[in-house]
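> following is a predicted model, sequence given first.
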Amino acid sequence: MNHYSPCIFQLRSRIKILVMVIVACLFSAHAADRETTRDQRMETWREGRFGMFIHWGPYAVAAGEYQGKAVPHIGEWILRNAKIPLAEYEKIALEWKAEKYDAAQWVDFAKRCGVRYMVVTAKHHDGFALFDSQVSPWNAVKASGAKRDLLRPLVTACAEKGMPLGFHYSQAQDWYHPGGGVYGKRWDARQEGDFDAFLRDVSLPQLRELVQGYGPVHAIFADTPFNMTEQRARQFHEALPAGTVVNDRMGGGVADYWCMEEFYTNRRRKSGDWEFCTTMNGTWGYKMEPTPWKEKELLLRYLISTVAGGGNFLLNVGPLADGTFPPQAVERLEYIGQWLARHGESIYGAGECPLVVPSWDGVCSLRVDEAGDSHVYLHFFQSPENRVIRLPRMVSGWQSARVMGREGELGLVKTPRAWELTLPEGAVQPFSVIHLHAKGALKLERPAVGWDEAGKLRLDVMSAQLHGKTITRERDPLSPAMNIGYWTDAADSVSWAMELPEKVKVKTHWQIACEPASAGAEVALCAGDKELARWTVPATKAWRDYQMVDGPAVELPAGKYELTLKVLGKPGLGVMNLREVVMERE
């Protein structure tokens, strides 16, 4: 027996390795298959751009209060924040009757407001399933006062009315079932258990129930990848149908899109498809306690800016326990819907536009039609101070321009350095949109910097070419002016195409902002590989405090070349925020 044990051991080892290889190959094939159909899965998602998020559960009954006291923080977290014993939370669920819930009305209202897809909390962190789960009795049929499946009517209504429906599903964080993930300490002995057993016996089977019994599922909005290693997440990804998209919160590094929650920024932190989700007030689930509601104009601005950045906007509603929407939410959604009824073509199927918005408070979106023509939409968040709008030169030129919702076309004039668009008096108000049509793909010229009418050279944001990982164009939320910022990597640089008839010596003036902690970065101006001058960036009061400061004198060579601003060293977080470099003859 001992004589054969090494051979047996080797055979077992080889079999184990072979099994691991086969499993890895199968997963790779599955991943490859999902990747080959990714664009097909994402087509409806990208076209929709505007979604309605719905947070609804027993927490709507509590409405932010427990034992007569208001519980701080968001309403759907009341079980955890108030450390409610599970037996007491079960009593709250029994009070939930959803007596005015009408799924068809929800969908009809969403469609009237321009919503193109919906996402509902099939199971949130409290572990409560809105559907008739056979895995756990903690669901709407067996544990609520409604005593019925609350998800099925919405699935049916969405299918009948052509509304794609996705499910928010808290796959890892679960405060009810034994072993479920809990950030912080558990507060009820019934929560104790093994996390992997919870995934195996509750979470994964429930996900399968959803995608197999309540489909077709447009998207899975997974939430909080608590302890979700790649190995744990893999089985969840494998359970999804080929046509279902999933966000990055499932874990395991596999996702169709990444999501950004609540805090909006114009900076793109990652490439690829993304979604910005936010509430209309200070909570996702309904609370009785008054909370500040975001202005409807701000929410519309979020929608437009998100789409112009290549993302989707998912706006949340927290219904009351009876199934009706708060009137403040209705008012805001109707406002957005009225705007979309007039300007929807600038949103649905639109995305990022290569145009740089130079001087007005707004953004640009781009939509390519079936014929391959380009449609550019200039969105104005405020009435522009200057009626003359300068646009980059195009290889093919613009075919037409008009203010959406107004009769007649706008005149476009081609100048040596740009296209100029003169706006009629009062034609452009806040949230007006100008539609520009160009034949074929949008191909922009990059004009060289030359002397302007005032006899100055201007290195501005519009004509700059950015190089690197972090450097980007951004807009100060307190000003319509754009700047080059988020310049935190010393390897990043910015350049301008130059074309001068003769060499010239100039004085330089830099419009910059730089907080004191980052002052002292050393930068070099280079013509091709030749260094022309060095400059040490001074401090202003803050990153938003822009000052025009004097820089070094520079002798610029004649001819065509790239004038590049490189970083030689930086002591702080960022190099500077740069709006413009103005050069004038000495």
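Perfect, thanks for sending it.

> what's the mean pLDDT across the helix or strand hosting Leu366?
Assigned by DSSP states H and E, Leu366 belongs to strand 362-368. In this model, strand 362-368 has an average pLDDT of 92.

> go on, stretch 309-323?
For stretch 309-323, the per-residue pLDDT averages 96.

> now it, how far from the centre of its chain.
Centroid displacement of stretch 309-323 relative to its chain, using Cα atoms, centre = their mean, to the nearest Å, is 14 Å.

> let's see the distance spanning that stretch from one end to the other.
34 Å (Cα to Cα, to the nearest Å).

> try stretch 193-202
Terminal-residue distance, stretch 193-202 (Cα to Cα): 12 Å.

> can you pull out the low-pLDDT segments for the protein?
1-36, 263-271, 356-359, 395-396, 417, 476-480 (pLDDT under 70).

> break it down into its domains, please.
1-36, 38-346, 369-438, 456-585 (automatic domain parsing).

> show me where the stretch 351-500 of the chain has helices.
With helices called from DSSP state H, counting those that start in this stretch, the stretch 351-500 of the chain shows none.

> ok, the chain next?
Along the chain, counting by DSSP state H, helices occupy 5-36, 38-48, 59-62, 78-81, 86-94, 103-112, 140-143, 152-161, 195-198, 204-213, 230-239, 296-308, 327-343.

> which one of those helices has the most crowded surroundings?
helix 59-62 (a mean of 26; mean count of other Cβ atoms under 10 Å). Every residue, glycine included, has its C-beta placed from N, CA and C.

> just checking, what packs against that one?
helix 78-81, helix 86-94 (3 or more Cβ pairs under 8 Å, 6 or more residues apart in numbering; DSSP states H and E).

> am I right that Thr536 is in contact with Ala524?
No: contact between Thr536 and Ala524 fails when scored by Cβ atoms under 8 Å: they sit 10.8 Å apart.

> which neighbours do these two share?
Here Thr536 and Ala524 share no contacting residue, scored by Cβ atoms under 8 Å, 6 or more residues apart in numbering.

> tell me which of the helices and strands packed on helix 59-62 lies nearest to Pro354.
Evaluated with Cβ to Cβ, the helices and strands packed on helix 59-62 place helix 78-81 nearest to Pro354, the distance being 45.1 Å.

> CA atoms of the closest one as PDB?
Provided in PDB are the C-alpha atoms of helix 78-81 (Å, rounded to 0.1, in the frame of the first residue of the first chain):
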ATOM      1  CA  ILE A  78     -33.500  52.100   9.700                       C
ATOM      2  CA  LEU A  79     -33.200  48.400  10.600                       C
ATOM      3  CA  ARG A  80     -29.500  48.800  11.000                       C
ATOM      4  CA  ASN A  81     -29.300  52.400  12.200                       C
END
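
> can you name the residues in contact with it?
With Cβ under 8 Å, 6+ apart as the contact definition, helix 78-81 has outside contacts at 59, 62, 64, 66, 71-73, 84, 89, 125-126, 175-176, 182-184, 285.

> ok, 7 Å please
For helix 78-81, the external contacting residues (Cβ atoms under 7 Å, 6 or more residues apart in numbering) are Tyr59, Ala62, Gly64, Tyr66, Val71, Pro72, His73, Ile84, Tyr89, Asp126, Trp175.

> quick check: closest non-adjacent residue to the third one.
Think Gly64. Lys287 (3.3 Å; Cβ to Cβ, 6 or more residues apart in numbering).

> number of nearby residues for the one you found?
Using other Cβ atoms under 10 Å, Lys287 has 25 neighbouring residues.

> and for Gly468?
Gly468 has 16 nearby residues by other Cβ under 10 Å.

> who's in contact with the nearest residue to it once chain neighbours are set aside?
Distance criterion Cβ to Cβ, 6+ apart; nearest residue to Gly468, sequence neighbours excluded, is Asp492 at 2.7 Å. Counting by Cβ under 7 Å, 6+ apart, Asp492 makes contact with His467, Gly468, Lys469, Thr470, Ile471.

> quickly check those for the two that are furthest apart.
His467 and Thr470 (11.0 Å).

> so for these two, which residue has more residues nearby?
Neighbour totals were compared for His467 and Thr470, and Thr470 leads with 16 against 13 (other Cβ under 10 Å).

> out of the helices of the chain, which comes closest to Arg579?
So among the helices of the chain, helix 296-308 is nearest, using Cβ to Cβ, at 19.9 Å.

> residues contacting the closest one, please?
Counting by Cβ under 7 Å, 6+ apart, 49-50, 264, 266, 276, 278, 280, 312-313, 315, 331-332, 335-336, 339, 347, 350-353, 363-365, 379, 381, 431 sit against helix 296-308.

> restricted to buried residues, select those in PyMOL.
Buried residues among these (16 or more other Cβ atoms under 10 Å), as a PyMOL selection:
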select buried, resi 49+50+264+266+276+278+280+312+313+315+332+335+336+339+347+350+351+353+363+364+365+379+381+431
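
> closest to Ala448 out of the domains of the chain?
domain 456-585 (3.5 Å).

> which residue packs closest to Arg579, ignoring adjacent ones?
Closest to Arg579 by Cβ to Cβ, 6+ apart is Gln511, at 4.2 Å.

> show me what contacts the one you found?
Contacts of Gln511 (Cβ under 7 Å, 6+ apart): Tyr546, Met548, Arg579, Glu580.

> how about 8 Å then?
Here Gln511 is in contact with Tyr546, Gln547, Met548, Leu578, Arg579, Glu580, Val581, Val582 (Cβ under 8 Å, 6+ apart).

> which of those residues fall in strands?
Judged by DSSP state E, these include Gln547, Met548, Leu578, Arg579, Glu580, Val581, Val582 as members of strands.

> and which of those residues is nearest Glu99?
Closest to Glu99, out of all of those and judged by Cβ to Cβ, is Arg579, at 57.4 Å.

> so who does the closest one touch?
Asp460, Val461, Ala481, Met482, Asn483, Ile484, Gln511, Ile512, Tyr546.

> so can I have TSV of these showing distance to Asp108?
Formatted as TSV, the contacts of Arg579 follow (distance: Cβ to Cβ, whole Å):
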residue	distance to Asp108
Asp460	48
Val461	45
Ala481	43
Met482	41
Asn483	44
Ile484	46
Gln511	51
Ile512	53
Tyr546	49
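
> closest to His55 among the residues you listed?
So of the contacts of Arg579, ranked by how close each gets to His55 (Cβ to Cβ), first place is Met482, at 35.5 Å.

> doesn't Ala464 make contact with the closest one?
No: assessed by Cβ under 8 Å, Met482 is found out of contact with Ala464, at 10.0 Å.

> spell out which residues are contacts of both of the two.
With Cβ under 8 Å, 6+ apart as the test, Met482 and Ala464 both reach Arg473.

> which one of the contacts of Arg579 is nearest Thr229?
Nearest member of these to Thr229, counting by Cβ to Cβ, is Ile484, at 39.3 Å.
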